[in-house]
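S.K.: sharing a sequence plus its predicted fold:
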There are 2 protein chains.
Amino acid sequence: MKPRQLPDRGTGEPARRPVRPPLGEREGQIYVAASRLFIQKGFAGTSMSDIAEAVKITKAGLYHFVDSKEELLFTISQFGMDRLDEQVIAPAAAIADPLERLEAILKAHVQNAGRASREDGNPLTIVVDEPGGLTPEHRKVIEGRKRAYLDLLRGTLGELEVQGRLTEGVDVTAAAFAAIGAIMWIGRWWRPDGRLSLEETAEQVAAVLLNGVLRR
Amino acid sequence: MKPRQLPDRGTGEPARRPVRPPLGEREGQIYVAASRLFIQKGFAGTSMSDIAEAVKITKAGLYHFVDSKEELLFTISQFGMDRLDEQVIAPAAAIADPLERLEAILKAHVQNAGRASREDGNPLTIVVDEPGGLTPEHRKVIEGRKRAYLDLLRGTLGELEVQGRLTEGVDVTAAAFAAIGAIMWIGRWWRPDGRLSLEETAEQVAAVLLNGVLRR
DNA sequence: TGACGCATACCGTCCGGTAGGTAAGTTTCC
DNA sequence: GGAAACTTACCTACCGGACGGTATGCGTCA
């Protein structure tokens, strides 16, 4: 993915007509840039000036669009969970068979985890790494949504256990956390220019996890 | 915890005799406290005043023992890798059979990951979460040591693959990262007062990962 | 003529780090 | 043995700069 250049408003050129961005585009740039920076340098390690610079605006200009640094973090966190909801949770929740559902959850989540790796900005990384930057109220909201996802995964494993389709002795909670850990880790090592494609990675990690829990 | 008053060196009192702490104790307190704070609030989110307050000293007093904030981070990172070396890498490297070695790596690493969870200070969490706080030179050192561990794990899986003891089609690199991810995640959810003991957790996670890759 | 989309200039606070001091303990040397 | 010289373990007070955030103004467009 080549880095898209922001429109040049520099001097010297014959007064290039600055294309007024359509409504909301500037906000989008801000949230994308903030997301990327939060992932790269952490929430506390990123200053509002950093974000402003990244979108070629002054800090005061940035504050025209956002209320506070914490609001930025919360909005990004919500966005990350929204994407998890629509890409992973909602499609999976519609599947009746728990084995099919488990496969769907794992593969979709791996795809989501990899789709935006560390260089780009996958907001889900922020959700798991930066709860401390949120106010207690906002943190509760995010933790609740994370809990809902964990419950889906744990519940699906629980159904499989009841049906006797899990390997003897596997603890459902430990297995669920192992899966989430393996998946969240992908964003830290997978690179789009690496040997494995995202689809292959999704297959591989999902296969290891499925083999790890399913009776054969 | 009641706030212990610093010995009053003001006028009037008959010169209270301060007990000299044994050599190195203060440094130990500082590194433990810094470790805990870096994990709880992140490196950038922790100020030197926070650390000083945690060990009941002034900031200038703290700087009597440490050179800089970055040196603190590097020392803690090295300490974390030292523990990984002695508890996981060295014992495992002495095992000839790759399957036994793999089991030893996974179980020892899980124990290490859980032994000090988020509230307490497992320096390994800092190693993986805060490379950005290090100078390029120090970062290279730490990344090199991390790479050595990955190579051990990947190499062990590779031996098993050559021996035909892995499930058909498992990619060694993806499997190694899946294992590390699942293990590192433990520090984020396992609690000493939870339902699963650390030993049970180690067994569970190691079992899922071993089942996930081994041919049966 | 507003409303929008910014910029200039600034605020108080906190940051990492330092200058310089002091009380007590330790070593050196007569 | 005892004084002098030095070291250790801190302290108070402060520095320049960066931080999150704001008051105010001004050009541009519908």
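M.R.: Sure thing, it's come through. Predicted model only: the values in this text are computed from it and were never measured.

S.K.: what residues of the longest helix seen in chain A count as buried?
M.R.: Using DSSP state H, we find that the single longest helix of chain A is helix A:136-162. For helix A:136-162, burial by neighbour count (16 or more other Cβ atoms under 10 Å in any protein chain shown) applies to A:138-139, A:142, A:145-146, A:149, A:152-154, A:156-161. Every residue, glycine included, has its C-beta placed from N, CA and C.

S.K.: ranges for the helices of chain A?
M.R.: Under DSSP H, chain A gives helices at A:25-41, A:48-54, A:59-65, A:69-84, A:90-93, A:98-115, A:123-129, A:136-162, A:172-189, A:198-213.

S.K.: and chain B, is the first one touching that?
M.R.: The reference is to helix A:25-41. Yes - contact of helix A:25-41 with chain B (Cβ under 8 Å from any Cβ of the partner chain) involves A:40, A:41.

S.K.: what packs against that helix?
M.R.: helix A:48-54, helix A:59-65, helix A:69-84, helix A:123-129 (3 or more Cβ pairs under 8 Å, 6 or more residues apart in numbering or on different chains; DSSP states H and E).

S.K.: packed most tightly, which of the ones you listed would that be?
M.R.: helix A:123-129 (a mean of 22; mean count of other Cβ atoms under 10 Å in any protein chain shown).

S.K.: about what we covered before: could you export the helices of chain A as CSV, including distance to residue B:211?
M.R.: Output for the helices of chain A, formatted as CSV (distance: least, Cβ to Cβ, whole Å):
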stretch, distance to residue B:211
helix A:25-41, 32
helix A:48-54, 45
helix A:59-65, 50
helix A:69-84, 27
helix A:90-93, 23
helix A:98-115, 15
helix A:123-129, 25
helix A:136-162, 14
helix A:172-189, 10
helix A:198-213, 5
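
S.K.: to residue B:129, which of these lies closest?
M.R.: helix A:123-129 (7.4 Å; Cβ to Cβ).

S.K.: other SSEs contacting the closest one?
M.R.: helix A:25-41, helix A:69-84, helix A:136-162, helix A:172-189.

S.K.: out of the buried residues of helix A:136-162, the closest to DNA strand C would be?
M.R.: If you rank the buried residues of helix A:136-162 by distance to DNA strand C using Cβ to the nearest atom of the strand, residue A:139 comes first, at 20.0 Å.

S.K.: is it true that the closest one touches residue A:131?
M.R.: Yes - with contact defined as Cβ atoms under 8 Å, residue A:139 counts as touching residue A:131 (5.4 Å).

S.K.: which one is residue A:66 nearest to, not counting chain neighbours?
M.R.: Closest residue to residue A:66 apart from its sequence neighbours, by Cβ to Cβ, 6 or more residues apart in numbering or on different chains: residue A:72 at 5.3 Å.

S.K.: the one you found touches residue A:31, doesn't it?
M.R.: Yes - here residue A:72 reaches residue A:31: they are 7.3 Å apart, a contact under Cβ under 8 Å.

S.K.: measure the residue most central in space within chain A to residue B:96 for me?
M.R.: When Cα atoms, centre = their mean is applied to chain A, the residue found nearest the centroid is residue A:124 (2.3 Å). When distance is defined by Cβ to Cβ, to the nearest Å, residue A:124 is 41 Å away from residue B:96.

S.K.: same check on residue A:132?
M.R.: Taking Cβ to Cβ, one finds residue A:132 at 45 Å from residue B:96.

S.K.: between these two, which one's more packed in?
M.R.: Counted by other Cβ atoms under 10 Å in any protein chain shown, residue A:132 and residue B:96 do not tie: residue A:132 has more neighbours, with 13 against 6.

S.K.: residues near the closest residue to that one other than its chain neighbours, how many?
M.R.: Nearest residue to residue A:132, sequence neighbours excluded (Cβ to Cβ, 6+ apart): residue B:41, at 5.8 Å. Residues near residue B:41, counting by other Cβ under 10 Å, number 15.

S.K.: list the contacts of residue B:41.
M.R.: Residue B:41 sits next to A:44, A:132, B:50 when contact means Cβ atoms under 8 Å, 6 or more residues apart in numbering or on different chains.

S.K.: so which of those would count as near DNA strand C as well?
M.R.: residue B:50 (Cβ under 7 Å from any atom of the strand).

S.K.: please tabulate the contacts of residue B:41 in a markdown table, including the columns distance to DNA strand D and pLDDT.
M.R.: Formatted as a markdown table, these follow (distance: Cβ to the nearest atom of the strand, whole Å; pLDDT from 0 to 100):
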| residue | distance to DNA strand D | pLDDT |
| --- | --- | --- |
| A:44 | 8 | 96 |
| A:132 | 14 | 93 |
| B:50 | 14 | 95 |
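
S.K.: out of the contacts of residue B:41, the closest to residue B:175 would be?
M.R.: residue A:132 (31.9 Å).

S.K.: hmm, the closest one is touching residue B:45, no?
M.R.: Yes - in this structure, residue A:132 is within contact of residue B:45 by Cβ under 8 Å, at 6.8 Å.

S.K.: any common contacting residues for these two?
M.R.: In contact with both residue A:132 and residue B:45: residue A:43, using Cβ under 8 Å, 6+ apart.

S.K.: does stretch A:69-89 come close to DNA strand D?
M.R.: Yes - residues of stretch A:69-89 are located near DNA strand D by Cβ under 7 Å from any atom of the strand, namely A:69, A:70.

S.K.: residues contacting that stretch, please?
M.R.: A:30-31, A:34-35, A:38, A:43, A:48, A:51, A:66, A:105, A:108-109, A:111-112, A:122-127, A:130, A:133-135, A:138, A:141-142, A:145-146, A:148-149, A:152.

S.K.: ok, for residue A:45, nearest residue in space, not its chain neighbours?
M.R.: Distances taken as Cβ to Cβ, 6+ apart place residue B:44 nearest to residue A:45, at 3.4 Å, with adjacent residues excluded.

S.K.: which residues sit in contact with the one you found?
M.R.: Residue B:44 sits in contact with A:41, A:42, A:44, A:45, B:133, where contact means Cβ under 8 Å, 6+ apart.

S.K.: repeat for residue A:159
M.R.: residue A:98.

S.K.: find me the pLDDT at it, would you?
M.R.: Looking at residue A:159, its pLDDT reads 98.

S.K.: check the gap between it and residue A:140 for me.
M.R.: Residue A:159 is 28 Å from residue A:140, by Cβ to Cβ.

S.K.: picking up where we left off before, the residue nearest to the centre of chain A contacts residue A:115, correct?
M.R.: No - contact status for residue A:124 versus residue A:115: not in contact, 9.8 Å apart, counting by Cβ under 8 Å.
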